[in-house]
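K.L.:
Predicted model and sequence follow; I will ask about them next.
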Amino acid sequence: MVEISKIKNVTVVGAGAMGYGIAQVALMAGYKVILVDIKENIVNNGLSKIKEGLKKAQIKDKLEEGVSVLDLMLKCKVSTDLSYAVKKSDFVFEAIIEKLDIKKQVCNLVMENSPPHCIFASNTSTFKITDIAKDSIRPENVIGMHFFFPVVLQCCVEVMKGEETTDRALDIGVEIGKSLPCLKGKRLSVRIEKESPGFIANRLLIPPIIYLSWIFDIASEKGIPWEQIDADAEARRLTPMGPCELTDYLGIDTTYNSLRSYEKIFSPDFAPGKVLTELVNKGHLGRKSGRGFYDWTRGKAEINLDKKAGILNPEMTMAIMLNEGCKLLEENIVSGYKVINDVMLAGTSMPGPFGSGKRNYEKWSKILEEFVEVSDKTFLKPCELMKSGGFINMRK
Ligand code: NAD
């Protein structure tokens, strides 16, 4: 197995929102990078985004002394031929579309064509690393490495094992994670020993979409404008963006695919509702396609938050996240809740649920029970550790 200091050649597969960000920080860390996608115009677009990002980093004085944007860009190649691109790769970041069959194909192809020491790190939001790796020739070298958008600004990366991953591969992933700079401070590279589809963050962030998708459908039936839903969430006061704006920002297809995956892994309650399904079918994928809940064709969407609809309870998201965090403790994915709060803060710039959860767990258990009663979404039932407040003694 290769040592971290010997890792020089990195390939990033997927030149979308996550891929170009990962490629940028890998270049800033000193690796040689090949960026791969299926079409030339997509990789070239990714390359322009990297250059733009590096220029911004330079203005903020975040490039190493004596290193110019040009120096770094010379270390970045592009390709549409994955088998060829990974011939000399020591480490491969996979950041392609969230579809299991395609991730598996890419993993198999990389493992067949790269040197035996090469590690494959998937940025999957929801799948089991074991499932991505199992038909490849070296599942022991496959890890999960989950970044947050935008990669250059959100300082967390979660690094996780699959069933067959060796400790060594996990160690290297954690070290590589630490080596990747972040414009806001040191990168937090979190080691997760036990497999959890969605790592820590998405185990907390995806279940609230069960509730939000239910609200979107009610709003659509009642003809309520989306901005009133964002106003209900106290957007720009309690949270930087309301749920409609945030879904547009992250990509509606990404949210949709995450729900479909969790529907298979955890519960039918994750099935996307009518509104999300229609938006995806129409190709209204949010900011990246110009339309989603809002119109992004002229730059940032104009959202008037003056009027509330009064149908979304802004406490529900935190209540659901506290419940999911407690489930992670019950499943022994983590042994204390500090790491969950740390991941949420470094990955999303929002506090985790345990601080306010200590004061509110009884009230929040009650609102979850009431929601399950009206919606029949039993996945959101509060677990024992939340209801009893037993998590309070498990900080660590
Ligand atoms: P994206 O749609 O912006 O980019 C995906 C890219 O993958 C596209 O450019 C597409 O052409 C390319 N692609 C598809 N099939 C390919 C193949 N066979 N070979 C090479 N390239 C291929 O998506 P994204 O938001 O960058 O997400 C990528 C991954 O990261 C997904 O697994 C997603 O769940 C995960 N993720 C996304 C976020 C986020 O906030 N967007 C955060 C963390 C993780």
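P.N.:
Cool, got the structure.
K.L.:
alpha carbons only for contacts and neighbour counts from here, please
P.N.:
Will do.
K.L.:
how about the residues of the stretch 1-150 of the chain that lie near the ligand?
P.N.:
Within reach of the ligand by Cα under 6 Å from any ligand atom, the stretch 1-150 of the chain has these residues: 13-19, 36-38, 42, 95-98, 102, 123-125, 146-149.
K.L.:
and those residues, which are buried?
P.N.:
In terms of neighbour count (16 or more other Cα atoms under 10 Å), the buried residues within those are 13-19, 36-37, 42, 95-98, 123-125, 146-149.
K.L.:
one step back: the residues of the stretch 1-150 of the chain next to the ligand in strands, which ones?
P.N.:
Using DSSP state E, the members of those that fall in strands are 13, 36, 146, 147.
K.L.:
Redo the residues you listed as JSON lines? Include pLDDT.
P.N.:
What follows is those, written out as JSON lines (pLDDT from 0 to 100):
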{"residue": "13", "pLDDT": "98"}
{"residue": "36", "pLDDT": "98"}
{"residue": "146", "pLDDT": "98"}
{"residue": "147", "pLDDT": "98"}
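K.L.:
Just send those back as a markdown table, with distance to residue 270 too.
P.N.:
Below are these laid out as a markdown table (distance: Cα to Cα, whole Å):
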| residue | distance to residue 270 |
| --- | --- |
| 13 | 28 |
| 36 | 32 |
| 146 | 21 |
| 147 | 23 |
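K.L.:
so which residue of the stretch 151-300 of the chain comes closest to the ligand?
P.N.:
Nearest residue of the stretch 151-300 of the chain to the ligand, counting by Cα to the nearest ligand atom: residue 250, 4.9 Å away.
K.L.:
Report how many residues lie close to the spatially closest residue to residue 184 that is not a sequence neighbour.
P.N.:
Computed as Cα to Cα, 6 or more residues apart in numbering, the closest residue to residue 184 that is not its neighbour in sequence is residue 153, at 5.9 Å. If you count neighbours by other Cα atoms under 10 Å, residue 153 ends up with 19.
K.L.:
now residue 251
P.N.:
Neighbours of residue 251 under the rule other Cα under 10 Å: 20.
K.L.:
pretty sure it contacts residue 284?
P.N.:
No. Residue 251 is beyond contact range of residue 284, at 9.2 Å (criterion: Cα atoms under 8 Å).
K.L.:
Who are the contact partners of residue 277?
P.N.:
residue 256 (Cα atoms under 8 Å, 6 or more residues apart in numbering).
K.L.:
Same question for the one 10 residues further on.
P.N.:
Residue 287 sits next to 248, 249, 250, 251, 295, 296 when contact means Cα under 8 Å, 6+ apart.
K.L.:
For the residue nearest to residue 184, give its distance to residue 62.
P.N.:
12 Å (Cα to Cα, to the nearest Å).
K.L.:
Residues that sit against both of these two, list them.
P.N.:
residue 183.
K.L.:
Return the residues of the stretch 251-396 of the chain in contact with the ligand.
P.N.:
Within reach of the ligand by Cα under 6 Å from any ligand atom, the stretch 251-396 of the chain has these residues: residue 254.
K.L.:
and the longest helix for this structure?
P.N.:
Taking DSSP state H as the criterion, the chain has its longest helix at helix 354-375.
K.L.:
name the helices or strands packed onto that helix?
P.N.:
Other helices and strands packing on helix 354-375, by 3 or more Cα pairs under 8 Å, 6 or more residues apart in numbering; DSSP states H and E, are helix 315-330, helix 384-388.
K.L.:
can you rerun that using 6 Å?
P.N.:
Taking 3 or more Cα pairs under 6 Å, 6 or more residues apart in numbering; DSSP states H and E as contact, there are no helices or strands that helix 354-375 lies on.
K.L.:
Can you list the buried residues in that helix?
P.N.:
Buried residues in helix 354-375, counted by 16+ other Cα under 10 Å: 354, 357, 360, 361, 364, 365, 367, 368, 369, 371, 372.
K.L.:
How many neighbouring residues does the closest residue in space to the first one that isn't next to it in sequence have?
P.N.:
Computed as Cα to Cα, 6+ apart, the closest residue to residue 354 that is not its neighbour in sequence is residue 322, at 6.3 Å. The burial count assigned to residue 322 is 29, neighbours taken as other Cα under 10 Å.
K.L.:
quick one: pLDDT of residue 322?
P.N.:
Predicted confidence (pLDDT) for residue 322: 98.
K.L.:
Okay, the residue sitting furthest away from the middle of the chain and the ligand: tell me how far apart.
P.N.:
What lies farthest from the middle of the chain is residue 66; by Cα atoms, centre = their mean that is 33.1 Å. From residue 66 across to the ligand, the span is 31 Å (Cα to the nearest ligand atom, to the nearest Å).
K.L.:
Quick check: bridge partners of the spatially closest residue to residue 23 that is not a sequence neighbour?
P.N.:
Beyond its immediate neighbours in the sequence, the residue positioned closest to residue 23 (Cα to Cα, 6+ apart) is residue 12, lying 6.3 Å away. With DSSP bridges applied, residue 12 shows beta-bridge pairing to residue 35, residue 93.
K.L.:
confidence score at residue 12?
P.N.:
At residue 12, pLDDT is 98.
K.L.:
same thing with residue 2?
P.N.:
Listed pLDDT for residue 2 reads 51.
K.L.:
Domain boundaries for this structure, per the record?
P.N.:
9-199, 203-289, 315-393 (automatic domain parsing).
K.L.:
got a list of what the residue of the stretch 51-200 of the chain found nearest the ligand touches?
P.N.:
Closest to the ligand within the stretch 51-200 of the chain is residue 96: 3.4 Å, counting by Cα to the nearest ligand atom. When the contact criterion is Cα atoms under 6 Å, 6 or more residues apart in numbering, the partners of residue 96 are residue 14.
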